[in-house]
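S.K.: Would you be able to build a 3D model of this:
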Amino acid sequence: MLGGRSVSLAVGVFTIIATWVDGGFLSGIVEETAVRGLLWCQAPVGYCVSLFVVGALFSGPMWRAGHVTLLDPLEQAFGSRMTALLFIPALAGELFWCGAILNALGATVSVITGLGYVTCVSVAASVVALYTCVGGLYSIAYTDVLQLLIMTFGLWVILPFALSNDHVKPLGSLSLDQWLGTMAPWQVPSYVDSFLMIVFGGVPWQNVFQRVLSAKTEFRAKAICYVGGVGSLILCVPVLLLGLVARTARWQETSYSRAGGGNESPLDDESQLSLLLALTMQHLTPASVSFLGQGAVAAAAMSSADACMLSTGALFTKNVYVPLMRPKASEREKVWVLRSSIALTAAVSSVVAITVDSVYGLCLLAGDMVYVMLFPQLLAAVHFPSLCNVYGSLAAFIVGLALRSIGGEPVLGIPAVFSYPFFDEETQRQFFPIKTVAMLASLATLVIVSAVFRVALSSPRYDLLRRQFTGEAKAKAVPVEETVDTEGDDQERPACCTSRTLNPQTEASSCV
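M.R.: Alright, predicted model coming up:
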């Protein structure tokens, strides 16, 4: 799962950038920039800051504790059964994110080959799942390096051709509103809410921690986050400009309009928005350059889809299957469970990709799930475990889910049950910062309910969930022995399994 915890700094940086800047991310940026302007495309800056948050607050403590997955500290603090419940939002987030990636990959392959979109998504998911099952983290890491090089080269090569197209208005002649878009004062709370969700909702992702925790030293673990964040932001620059190209292009004069379909511009057809990046390259650049650009997007998508599939399989195998179903499972059995989980993730993500139109909406929905229900739990388990227990965790999960659910979700077609302030009756959209309110309420519930139960249940016989929470703060991983790192002012882990959790049932899988 972690490649023996020997991934170098260079490979770690390359693979986290390739994982973060995926095909869905690129397609979503173009979609949002073209439709609403640069101001509304929060993902590039937000996810860059998110990696800085991981590096500053989580990479050090989790690396020193010898964790394998992001659910490991939750399992130590709240127990395996509660962790299985917390696996649900993590799973949903991974499925939505993987669906967004396969959506972009299927659109790209469909434009290149002319095959049906459903066929392209299915074939792409099968190919990614196959080489992920066979190669594990090492195959992902080193293919990520190659795919990142292809992606970077392709995006920067096609940009000048798109900008100089005769059917594109020169960007220098655009007004500020055309560059940025517009925002009404009543939209500000929702805007801030979405940005905070992107930043902190970008933290609890196994595919990020898989890269961080696979580093040989703590210094490398932090450096991977910081350098990866800057690299991700730089790589978004050509994509943002391509979004402006799509926003200002005279589509009615291009081959897109001549091809028919009932619309003169893809911006007028919601079903075409997820294809916008592929269509921009196809109709606004020469054929040979377009093919290179499509290859870049395909490489970006594959470099992240494999990470999502492996992450989901690792979480299920390590934190659900082994502790709850088969504590004495052999290594061979764990490997086959991991592979089966990868295949199932590919299948479900393909369905998500086919049924949801907006790539950017899927990306935000993925972050929304983990922001409200998983981030408060991870923050508490890593930084103040003595203040929380399983009772508070369960209450926080219920409160966060309830507050977020009653607000509705337009991407999934779920209507709002409760109208928060600033609710728009016409569009049925919430402009109140419901995501951040739900997250803070969940965090407060976790701490308060934990304190109440710590006082109320003074006797073990009242501990209905069988968690001796008075000792949970001490049930942490054995500290790593510290040695001098010759590559930086840090300590090197002497072996991949120097640090063990106190649960012997999970020891065997920590070295996979």
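
S.K.: biggest helix in the protein by residues?
M.R.: Assignment by DSSP state H gives helix 117-163 as the longest helix of the chain.

S.K.: contact partners of the helix or strand following that helix?
M.R.: The element immediately downstream of helix 117-163 (helix or strand, assigned by DSSP states H and E) is helix 176-180. With CB atoms under 8 Å, 6 or more residues apart in numbering as the contact definition, helix 176-180 has outside contacts at 37-39, 171, 244, 247-248. Where C-beta positions appear, they are placed from N, C-alpha and C, glycine not excepted.

S.K.: at 7 Å instead, please
M.R.: 37-39, 248 (CB atoms under 7 Å, 6 or more residues apart in numbering).

S.K.: and what of stretch 294-308?
M.R.: With CB under 7 Å, 6+ apart, stretch 294-308 has contacts from 18-19, 21-23, 26, 94, 97-98, 101-102, 104-105, 108-109, 111-112, 128, 131-132, 140, 143-144, 147-148, 150-151, 154-155, 207, 277-278, 281.

S.K.: any chance of the contacts of helix 176-180 in a markdown table, plus neighbour count, pLDDT and secondary structure?
M.R.: Output for these, formatted as a markdown table (neighbours: other CB atoms under 10 Å; pLDDT from 0 to 100; DSSP: H, G, I helix; E, B strand; the rest coil):
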| residue | neighbour count | pLDDT | secondary structure |
| --- | --- | --- | --- |
| 37 | 20 | 87 | coil |
| 38 | 19 | 88 | helix |
| 39 | 16 | 90 | helix |
| 248 | 17 | 89 | helix |
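
S.K.: Which of those sits closest to residue 435?
M.R.: The shortest gap between residue 435 and any of the contacts of helix 176-180 belongs to residue 39, at 19.1 Å (CB to CB).

S.K.: returning to what we had before: greatest separation within the contacts of helix 176-180: which pair is it?
M.R.: 39 and 248 (15.5 Å).

S.K.: where are the low-confidence patches of this structure?
M.R.: Within the chain, the segments meeting pLDDT under 70 span 1-6, 23, 135-139, 257-263, 357-363, 411-412, 458-512.

S.K.: one step back: buried among the contacts of stretch 294-308? Make that a PyMOL selection.
M.R.: The PyMOL selection below is limited to those of these classed as buried (16 or more other CB atoms under 10 Å):
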select buried, resi 18+19+21+22+23+26+94+97+98+101+102+104+105+108+109+111+112+128+132+140+143+144+147+148+150+151+154+155+207+277+278+281
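
S.K.: Who are the packing partners of the longest helix of the chain?
M.R.: Secondary-structure packing of helix 117-163 (3 or more CB pairs under 7 Å, 6 or more residues apart in numbering; DSSP states H and E): helix 9-20, helix 80-113, helix 218-248, helix 276-284, helix 287-316, helix 331-355.

S.K.: how does it look with 10 Å?
M.R.: helix 9-20, helix 23-36, helix 80-113, helix 206-213, helix 218-248, helix 276-284, helix 287-316, helix 331-355 (3 or more CB pairs under 10 Å, 6 or more residues apart in numbering; DSSP states H and E).

S.K.: How far off centre is that helix?
M.R.: 16 Å (CA atoms, centre = their mean, to the nearest Å).

S.K.: Tell me the spacing between the residue lying closest to residue 109 once chain neighbours are set aside and residue 209.
M.R.: Using CB to CB, 6 or more residues apart in numbering and skipping the chain neighbours, the partner closest in space to residue 109 is residue 120 (4.0 Å). Here residue 120 is placed at a distance of 31 Å from residue 209 (CB to CB, to the nearest Å).

S.K.: And residue 350, by the same measure?
M.R.: Taking CB to CB, one finds residue 350 at 25 Å from residue 209.

S.K.: who has more neighbours, these two?
M.R.: The neighbour comparison of residue 350 against residue 209 (other CB atoms under 10 Å) goes to residue 209, with 27 against 23.

S.K.: Settle this for me: that one is touching residue 65, isn't it.
M.R.: No: between residue 209 and residue 65 there is no contact under CB atoms under 10 Å: 11.7 Å.

S.K.: okay, and the common contacts of the two?
M.R.: residue 72 (CB atoms under 10 Å, 6 or more residues apart in numbering).

S.K.: if I look at the nearest residue to residue 224 once chain neighbours are set aside, how far off is residue 54?
M.R.: Of all residues not flanking residue 224 in the chain, residue 12 sits nearest, at 4.1 Å (CB to CB, 6+ apart). Counting by CB to CB, the gap from residue 12 to residue 54 is 13 Å.

S.K.: These two - which one has more neighbours?
M.R.: Using other CB under 10 Å as the criterion, residue 12 and residue 54 rank with residue 54 on top: 28 against 25.

S.K.: Next, the contact list for the residue lying closest to that one once chain neighbours are set aside, please.
M.R.: Among residues not flanking residue 54 along the chain, residue 225 sits closest, at 4.9 Å (CB to CB, 6+ apart). Shown in contact with residue 225 (CB under 10 Å, 6+ apart): 12-13, 16, 50-56, 58-59, 208, 211-212, 215.
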